[in-house]
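Colleague: Structure for this input, please:
(chains A and B)
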Amino acid sequence: TQLLEQSPQFLSIQEGENLTVYCNSSSVFSSLQWYRQEPGEGPVLLVTVVTGGEVKKLKRLTFQFGDARKDSSLHITAAQPGDTGLYLCAGDMGTGANNLFFGTGTRLTVIP
Amino acid sequence: ETGVTQSPTHLIKTRGQQVTLRCSSQSGHNTVSWYQQALGQGPQFIFQYYREEENGRGNFPPRFSGLQFPNYSSELNVNALELDDSALYLCASSPRRGHTGELFFGEGSRLTVL
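Modeller: Numbering: from 1, shown residues only, chains lettered A, B, ... in the order given. Model (predicted):
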């Protein structure tokens, strides 16, 4: 059983469309991170959210942490082919166990 | 400033063999974490090393072991390989222990067990 479930698992859209990726859990996290991973590479950090209800923007990407710190969403406006990749959410439970839990991943393909 | 480097990038082993994967952390980083990423899944935490000592471990059996050296580079050793050990093994370094900060990942070592 995965601690963090992401949906959708796969997403294929046309350039210029908007999309939202969801990351859900029944557990509370002290912080949550979003990474993007391209084929043959390791994940690269996009953002860290810490406060319940927090919203962060990174150009066309908007990240939100749920009020209860159990879920998060990533919204991309006017998607571009360069946004193609595997999007991973990862949560820190803040127990001091140094165990970052990754989600199942959303594979996004943006078609030119 | 060099990033995180891992070696080898690809390797093939047979069941029962042993494997050692290596990681050089980013300059100035004293913490190294190892993750296993099976095909189509998110990475799973194996363990973390901070200043040469294990500082947290995920749900992996004892045949997964590691080391960190005085220069903060690290090794992941897996004994008695099983087919399910086939995966991408990712090393990540950070300037501090714990996970509230950014993790810097290497490109990974892809292990295939036949």
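Colleague: Helices of chain A, residue ranges please.
Modeller: With DSSP state H as the criterion, chain A has no helices.
Colleague: residues contacting residue A:38?
Modeller: Contact analysis of residue A:38 by C-beta atoms under 8 Å, 6 or more residues apart in numbering or on different chains lists A:84-86. To be clear about C-beta, it is placed using only N, CA and C from the backbone, and glycine gets the same treatment.
Colleague: Of these, grab the buried ones for PyMOL.
Modeller: Listed next is the PyMOL selection for buried residues among these, using 16 or more other C-beta atoms under 10 Å in any protein chain shown:
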select buried, chain A and resi 84+85+86
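Colleague: Can I get the contacts of residue A:38 in a markdown table including pLDDT and distance to residue A:34?
Modeller: What follows is the contacts of residue A:38, written out as a markdown table (pLDDT from 0 to 100; distance: C-beta to C-beta, whole Å):
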| residue | pLDDT | distance to residue A:34 |
| --- | --- | --- |
| A:84 | 96 | 16 |
| A:85 | 96 | 11 |
| A:86 | 96 | 11 |
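Colleague: Need the contacts of residue A:38 in CSV (columns: distance to residue B:10).
Modeller: Listed next are those as CSV, based on distance: C-beta to C-beta, whole Å:
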residue, distance to residue B:10
A:84, 23
A:85, 21
A:86, 19
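Colleague: Bridge partners for whichever residue of chain B sits closest to chain A, pull those for me.
Modeller: Nearest residue of chain B to chain A, counting by C-beta to the nearest C-beta: residue B:105, 2.9 Å away. Taking DSSP bridges, one obtains residue B:92 as the residues bridged to residue B:105.
Colleague: Is it correct that it is in contact with residue A:44?
Modeller: Yes: if you go by C-beta atoms under 8 Å, residue B:105 and residue A:44 touch, sitting 7.2 Å apart.
Colleague: re the thing from before, chain B: which of the contacts of residue A:38 is nearest?
Modeller: Of all these, residue A:86 has the smallest distance to chain B: 8.6 Å, by C-beta to the nearest C-beta.
Colleague: list the contacts for the nearest residue to the closest one once chain neighbours are set aside?
Modeller: Nearest non-adjacent residue to residue A:86, counting by C-beta to C-beta, 6 or more residues apart in numbering or on different chains: residue A:37, 4.4 Å away. When contacts are counted by C-beta under 8 Å, 6+ apart, residue A:37 touches A:43-44, A:85-88, A:105.
Colleague: Turn these into CSV, columns for distance to residue A:54.
Modeller: Output for the contacts of residue A:37, formatted as CSV (distance: C-beta to C-beta, whole Å):
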residue, distance to residue A:54
A:43, 21
A:44, 21
A:85, 23
A:86, 24
A:87, 18
A:88, 19
A:105, 22
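Colleague: who in chain A is up against chain B?
Modeller: A:2, A:4, A:6, A:30-31, A:33, A:40-45, A:48, A:50, A:88, A:90, A:92, A:94, A:96-105 (C-beta under 8 Å from any C-beta of the partner chain).
Colleague: and if we set it to 7 Å?
Modeller: Residues of chain A lying near chain B by C-beta under 7 Å from any C-beta of the partner chain: A:31, A:40-43, A:45, A:88, A:92, A:97-100, A:102-105.
Colleague: Report the buried members of those residues.
Modeller: Buried residues within these, counting neighbours by 16+ other C-beta under 10 Å: A:31, A:42-43, A:45, A:88, A:92, A:97-100, A:102-105.
Colleague: Save the residues you listed as TSV, and put in pLDDT and distance to residue B:52 too.
Modeller: Shown next, in TSV, are those (pLDDT from 0 to 100; distance: C-beta to C-beta, whole Å):
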residue	pLDDT	distance to residue B:52
A:31	90	26
A:42	92	23
A:43	93	25
A:45	92	25
A:88	96	29
A:92	87	23
A:97	57	19
A:98	63	15
A:99	72	20
A:100	82	21
A:102	92	26
A:103	93	31
A:104	89	33
A:105	94	32
